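Visitor: here is a sequence with its predicted model. Questions after.
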Amino acid sequence: MSVELDVFVGNTTIMDKEVYQLWLNGYTVNDAVKVRIEGGVMEECEASAEVLLSDTMDQFRTFQMCERLLQNPAKLANQLLFQIPPDRQAMLIERYYAFDDDVVREVLGKKLSKGTKKDLDDVSAKTGITLKSCRRQFDNFKRVFKVVEELKGPLVENIKQHFLLPDQLARDYAAIVFFANNRFETGKKKLQYLTFQDFAFCAGQLINNWTVGAVDNMVEDMDVDLDKEFLQDLKDLKILITDKDLLDQHKSLVCVALRGKTKVFNEMEANFKNLSRGLVNIAAKLTNTKDVRDFFIDLVEKFIEPCKSDKWTATDVNLYLTHYTNSAHILDTFKHQNVWTRYMGVIKSCILRMYHE
Amino acid sequence: MPGKLKAKIVAGRHLPVMDRASDLTDAFVEVKFGNTTFKTDVYPKSLNPQWNSEWFKFEVDDEDLQDEPLQITVLDHDTYSANDAIGKVYIDIDPLLSSEAATVISGWFPIYDTIHGIRGEINVLVKVELFNDLNRFRQSSCGVKFFCTTSIPRCYRAVMVHGFVEELVVNEDPEYQWIDRIRTPRASNEARQRLISLMSGELQRKIGLKVLEMGGNAVVGYLQCFDLEGESGLVVRAIGTACTLDKLSNTYTPATAINPCNSSPSKDIKEAGFGEEAPGVPLSSGPPTPLRAQTFSSFSPSKSYSRQSSSSDTELSLTPKTGMGSGGSAGKEAGPLKALLRQQTQTALEQREFPFFTLTSFPPGFLLHVGGVVSARSVKLLDRIHNPALGNTRSYKLLDWNSFTADEPETRDAWWEEIRQEIKSHAKALGCHAVVGYSESTSICEEVCILSASGTAAILSSRFMQDSALDTEHRLSRQQASVFTSGAEKGEGDMGSTASLGFEDLMSPGCAFCHIPYDELNMPFPAQLTYCHCCRRYKVPDVLFTTIDLPTEANVTGKGCLIQARLCRTKKKAQGEGNATAISNLLPFLEYELHTQLMNKLKLRSMNALFGLRIQISVGENMLLGLASATGVYLTALPSPGGIQIAGKTPSDITYEQHISNMQKKINDTIAKNKELYEINPPDLVEEVIGSPIPEPRQRSRLFRSHSESSDEVSELDLSHGKKDAFVLEIDDTDAVEDIHSLLTDAPTPPGFYSCNTEIMPGIYNWTSALQMFTSVRVFRLSNVNLTNQGLNKVFNDLCENLLKSLYFKLRSMVPCCLCHVNFTVAVPEDELIQVAVTAVAMSFDKDQTQENGRQSIDKNLMKAITENEDQLQFPLELSAESSSNPLNSAKGLSEVSGPLPSARAPSVDYSSFTDRCSSWIEQLRLKAHTIRCGSIKTMSSLEKASPLPEGRSRSLRSNRSYAGSSVTVVKMTPLSFIPGTKIIKYLGIINMFFIRETTSLREEGGVSGFLHSFIAEVFAMVRAHVAALGGNAVVSYNMKECVFMENPNKNQAQCLINVSGDAVIFVRESELEATPPQPHSASAQTSSSGEGT
């Protein structure tokens, strides 16, 4: 004896936030029922496990039917099949596109291809998040990527408009798209300590300052690709390390400014040339796609690690970078002030964000 | 006479991809009406085509306009092969034919395909230019308004209630034609959908003609059903109540931009005026002759099968008792005026062949007395087309189903006529001249068909009847307009005025309808009579069962609740006559037991009356299902019900006795608990039993168990329970134990929930605007075929109980709320399957404000007054202390005024305490208003109730986010005839839709549940789209009349048919009604409030 068919359809589609989250988390109906029972909803509402099972199945089915629409959120607003109040629609969309930082951290900078999707079971095993949920998140990244790839205008705005996402979430997606497009290496062991939010912050910096969109805001791919001209110009910065005088001058200026203000002054003084070479070399190499990919690794290897081994504090780093940037402006023979500002602004904020103590 | 139909195809959106290569579609549209077809251009390579076509014009007869739907087919153009159909839209243009309904149909319609479901949407514009036809002999009936609502629609006034109209159309079912073997399922489904649409149109037109003949201009309580008789055909039948309605001119002009609907009386109303001169026209096609009645049944003495059993208060007797039939004899207890009135009404009604009314609630003063439920059933064998032995002369003209209908409808007509005659005679036996809350239904299994009809015997006032008391009509008409402005469900200021109308002041309207209509010395059945507990002048029965809604003026103690009796009986598989005999033998037992269960459950809840009683009997191959649903209430006028006593058969056994006393204790506890739960604290009156045959103490009345084993008991079935002295449950067999068990296992509704199957819940008046209509379907498979009756019963009972539990759980966020109009339908789709479908609406209410009816009305006005003053602040009133004290208060009031003039009602009696209360309310309101002002934005959220589900919430959308082109109108749906907190300002026409959905990839669509889930969602979507296109924002009196589900999991196939109906309306929120003209009551409330407040 069994219930063969069991449906409940409301004129206004009924959706329980809690069950929706369980569905999004990729639980099976039975697991979801277990979680709900543990959550104590049964005692609250005098329900039996049977009732809970029926309700869960029903809602899971509803979500499944809605999924097609959630993948194209603009459709959700003017479809006729489900009558869902606008605030609910917003909730559905927002949660559908929400992701786990751990998951996105694993695929960040990778090509959003079938191959990567196949590796998701590893991601699932590593993060403890169900494969189903990982797949949904991955598909979301890919879908957003595909849609905004070919659009003009600001990346974040495009994402907001097409996927009706709130601002912060749209920014995170912009970061994901940006990383996927430029294929930044984030998986190396040395970068493991960095969180998705660290990278998202850096991506925001790069998008706002180094892309084509930063200067001209009506070109295709404006926010996704780095400004080629700017990268070319960066080569000119090499003079800071190739010209011996300039390098010494720069060093002395920074040393004067920092003397007595930091505990690691000696280490700084000893390491100045190395650090400066590191940063300028990164700049000079950015014309190569390969080196763009290694941007973050380079930052860590060439700057963050040396500082760490000398026990710099974040304040020290901040102080150093501020004076390092400003001192260059005082150098008479250094002509590339604008490029320097544009470059160092981003480098400074990225390094500060990436410098975990 | 012709009319001109114009249609324009504007655009499409979300079309499916039809060309895999390009991932696009080359769509074009065919627009068909009758035999004329137009096509749009192909709009190449787009999923969102913009056709923007010219106006396609069809010049057609208005007869066709009524019958035919506009058929729109969206296709994908294919250069090399045949064009692929994407889907269809059928648009019923009937709403455009009435001058008072919609003027244009314009909007997005889902494109529907019977195999794939909804596939995109299409934007269409439809208009009709109608040339009025004054031809007397015309075949069309344009302009007659149809309402599914079973009361006088909210913005109309009944000038006259003409009476019963019925019609029936028969055709061959396309699914059973030979051609079905060679055509695609899609073609067959579409043929069926189209045929039913055509037949519905024709039926409506024919009924319209009858209404015009009677001089009416509208049909209220229109109920259309179809019977899928399989091989023997397809029957579409409808019943309704013909009325002359007058648009209320004092409808407030809405604040919104919707056109004011105060149209002047249309032509139809003038026609109605002429119609009055004509004598009452017989409605049915011909007088029933008993001879004919026998010929149609294919097996011998036909009467023996057509088992007539009457439920509740009538005996199993067909012969009307002479001397009781005419109401005149009942005049003993009434004043001479009443007798006179009765005679008047009598004559008015006697001219009608069937004095039946499909209405379930009435204008005040229309319903005088209620006798009880009358019902009749009959088992028929559907004759087969291919069997020449049955003397069927039909030839094989199967392709042409329109031309062949020769004798069929008459057979079916005669069947129904027979049943109606019986109902009429039952009503007569109860001393009543009319039947209200009348409905008809069928259950078909193979070639056996059970026809059922039921209603409530009643005595009606002549006020709204034809050719009687016309002068009264004139005299009263003006007053009435003010009296039942909007069906008076909210009790808005009608309490005072009703009593002053004519004869009405002879009795208290709050109890009058309970007074027995029959002669107490010559009672049709044994019953205990007492003097009415309200007025103490007339006699009332101890229990009252009815099929109507609780009259608004009724005095009720406490709250009501849904009561269900469920029964399952096994039956041997049989064929033909044998099967019919078996079923008709089982029927009386089934009905008897259902009745017993109802009675027990009623007593267990300490209630004394049932409203909205609906007994459904469904027949399957090897079982019969019976489901009776009703809303139990405690009518103040009726005596308090006694408890239930259990008696053992072998009192010597000690353990046994203990067992019994345990059970007795349980029962007593349950009754006590229920009393508390439903707030039943009846006035403590000294009860005097009078005139009844048994002067026994009331607490003991007997309950019978039927012993299905002993057949000799059948002849003396006693359905009244009143003959013997005690209400005793005798535990003499396991059956009885089982019975008591099931009695006690009915789980109480969870806290915060109430449920009823009537329009409104007695005892709850302060609804919020949050409502959620839903449909839930369950199919249960009995894997063990050798189930006993008891086993089956338990399974069925659990199925229903679990379904209810699930509903409560689902809707928990709406608490406190009430499930209203809970409508269960059961079916046995296959051997081992039981299908239960429920449609209902959950409505939230404000918990802390349980008010008496009269108070509520004043309270509302007070609210209004205050909101007007306090710049439209809206919030739930919190009157915590009130809820518990009220019933007591009213009780006191009642006992105080039990004098000779009982018309005065409690609320007005203890006015002093009321005003006190007023002032305290106002203080609370002030307080509230203050806090709200301080707490800034709180207002909105508290108005809309924090629950996340209800539709009311939709307005509080987050303003900071844009929703790209959300063009979808929110359409509310409810099975009720109103939406709380709103005013219906216009009826746009009837919605009557029939859909078939079929799949050959059941697993891929998520199994049976997935399939049905999406189909029901699609049906809702299509209903909403049609309403929105008519310019409406709600469907009231929504009803899912049919949900036939068939599956074949082995073949990965399933098919489902759904038939829904309702009235499309425009409503405006009461809070949005601009500058509401102060009503007399609100004005007085205002002054009193200001006086008290300051």
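Guide: Ah, there it is.

Visitor: how close does B:A21 get to B:V211?
Guide: Distance of B:A21 to B:V211, computed by Cβ to Cβ, to the nearest Å: 56 Å. Backbone N, C-alpha and C define where each C-beta goes, glycine included.

Visitor: so between the two, which is more surrounded?
Guide: More neighbours surround B:V211 than the other of B:A21 and B:V211, with 28 against 6 (other Cβ atoms under 10 Å in any protein chain shown).

Visitor: for the more buried one, helix, strand, or coil?
Guide: On the three-state scheme (DSSP: H, G, I helix; E, B strand; the rest coil), B:V211 is labelled helix.

Visitor: can you pull up the bridge partners for the nearest residue to it once chain neighbours are set aside?
Guide: Leaving aside its sequence neighbours, B:V211 sits nearest to B:A242 (Cβ to Cβ, 6 or more residues apart in numbering or on different chains; 4.4 Å). Going by DSSP bridges, B:A242 is paired in beta bridges with B:G163, B:V219.

Visitor: what's around B:A242, how many residues?
Guide: 27.

Visitor: B:M160 is in contact with that one, correct?
Guide: No. Using Cβ atoms under 8 Å, B:A242 makes no contact with B:M160, being 9.1 Å away.

Visitor: got any residues that touch both of the two?
Guide: Common contact partners of B:A242 and B:M160 (Cβ atoms under 8 Å, 6 or more residues apart in numbering or on different chains): B:G216.

Visitor: which element is B:F796 on?
Guide: helix B:789-810 (DSSP states H and E).

Visitor: the helices in the stretch 151-300 of chain A, which residues?
Guide: For the stretch 151-300 of chain A, the helices defined by DSSP state H, counting those that start in this stretch occupy A:155-163, A:167-182, A:196-210, A:228-234, A:239-242, A:244-258, A:265-285, A:289-293, A:295-299.

Visitor: does chain A sit close to stretch B:21-33?
Guide: No. Using Cβ under 8 Å from any Cβ of the partner chain, stretch B:21-33 never reaches chain A; the gap is at least 13.7 Å.

Visitor: hang on, the earlier thing: packing partners for the helix holding B:F796?
Guide: strand A:2-10, helix A:49-70, strand B:556-570, strand B:623-635, helix B:734-745, strand B:767-781, strand B:833-845 (3 or more Cβ pairs under 8 Å, 6 or more residues apart in numbering or on different chains; DSSP states H and E).

Visitor: between the ones you listed, which gets the lowest average pLDDT?
Guide: Of all the helices and strands packed on helix B:789-810, the minimum mean pLDDT falls on helix B:734-745 (a mean of 64).

Visitor: next secondary structure element downstream of the helix holding B:F796?
Guide: strand B:817-827.

Visitor: now for that next one, which elements pack on it?
Guide: By 3+ Cβ pairs under 8 Å, 6+ apart, strand B:817-827 packs against strand B:556-570, strand B:609-619, strand B:623-635, strand B:753-755, strand B:833-845, strand B:1034-1048.

Visitor: next SSE downstream of the last one?
Guide: Stepping forward along the backbone from strand B:1034-1048, the first helix or strand reached (DSSP H and E) is strand B:1053-1069.

Visitor: now the angle from that following strand to strand B:767-781?
Guide: 170 degrees (axes from the mean of the first three to the mean of the last three Cα atoms, to 10 degrees).

Visitor: okay, buried residues for strand B:1053-1069 please.
Guide: By neighbour count with 16 or more other Cβ atoms under 10 Å in any protein chain shown, strand B:1053-1069 contains the buried residues B:1053-1069.

Visitor: ditto for stretch B:12-30
Guide: B:12-16, B:18, B:24-30.

Visitor: turn those residues into JSON lines, columns for secondary structure.
Guide: Output for those, formatted as JSON lines (three-state DSSP):
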{"residue": "B:G12", "secondary structure": "strand"}
{"residue": "B:R13", "secondary structure": "strand"}
{"residue": "B:H14", "secondary structure": "coil"}
{"residue": "B:L15", "secondary structure": "coil"}
{"residue": "B:P16", "secondary structure": "coil"}
{"residue": "B:M18", "secondary structure": "coil"}
{"residue": "B:L24", "secondary structure": "strand"}
{"residue": "B:T25", "secondary structure": "coil"}
{"residue": "B:D26", "secondary structure": "coil"}
{"residue": "B:A27", "secondary structure": "strand"}
{"residue": "B:F28", "secondary structure": "strand"}
{"residue": "B:V29", "secondary structure": "strand"}
{"residue": "B:E30", "secondary structure": "strand"}
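
Visitor: which one among those gets closest to A:Y97?
Guide: B:H14 (20.9 Å; Cβ to Cβ).

Visitor: surely that closest one meets B:I118?
Guide: No. Counting by Cβ under 8 Å, B:H14 stays clear of B:I118, with 9.0 Å between them.

Visitor: so where is the stretch 951-1094 of chain B shaky, pLDDT-wise?
Guide: B:951-967, B:1072-1094 (pLDDT under 70).

Visitor: can you pull out the helices in it?
Guide: Counting by DSSP H, counting those that start in this stretch, the helices of the stretch 951-1094 of chain B are B:1007-1029, B:1080-1093.

Visitor: just for the stretch 1-150 of chain A, where's the confidence low?
Guide: A:1.

Visitor: show me where the stretch 601-750 of chain B has strands.
Guide: B:609-619, B:623-635, B:645-648, B:728-731 (DSSP state E, counting those that start in this stretch).

Visitor: spell out which parts of the stretch 701-850 of chain B neighbour chain A.
Guide: B:750, B:772-784, B:795, B:802, B:805-812, B:833, B:835.

Visitor: report pLDDT for the residue nearest to B:Q664 when sequence neighbours are not counted.
Guide: Nearest residue to B:Q664, sequence neighbours excluded (Cβ to Cβ, 6+ apart): B:I646, at 4.9 Å. Model confidence at B:I646, given as pLDDT, is 74.

Visitor: kindly report the same for B:L804.
Guide: pLDDT at B:L804 comes out at 91.

Visitor: can you get me a residue count around it?
Guide: If we define neighbours as other Cβ under 10 Å, then B:L804 has 23 of them.

Visitor: and it, how far from chain A?
Guide: 10 Å (Cβ to the nearest Cβ, to the nearest Å).

Visitor: relative to A:S113, how far out is that residue?
Guide: For B:L804 relative to A:S113 (Cβ to Cβ), the value is 51 Å.

Visitor: B:T1000 too?
Guide: For B:T1000, the distance to A:S113 - Cβ to Cβ - is 36 Å.

Visitor: please apply the same query to B:P49.
Guide: From B:P49 to A:S113 the distance is 34 Å (Cβ to Cβ).

Visitor: looking at the two, which one has more neighbours?
Guide: A side-by-side neighbour count of B:P49 and A:S113, using other Cβ under 10 Å, places B:P49 first with 26 against 10.

Visitor: doesn't B:D41 make contact with that one?
Guide: No. Between B:P49 and B:D41 there is no contact under Cβ under 8 Å: 9.6 Å.

Visitor: ok, and the closest non-adjacent residue to the residue of the stretch 101-250 of chain A found nearest chain B?
Guide: Using Cβ to the nearest Cβ, A:L164 is the residue of the stretch 101-250 of chain A that sits closest to chain B, at 6.9 Å. With sequence-adjacent residues excluded and distances taken as Cβ to Cβ, 6+ apart, A:L164 is closest to A:P73, at 4.6 Å.

Visitor: residues in contact with the residue nearest to B:R812 when sequence neighbours are not counted?
Guide: Spatial nearest neighbour of B:R812, excluding adjacent residues (Cβ to Cβ, 6+ apart): A:C45 at 5.0 Å. Residues near A:C45 by Cβ under 8 Å, 6+ apart: B:P750, B:Y808, B:F809, B:R812.
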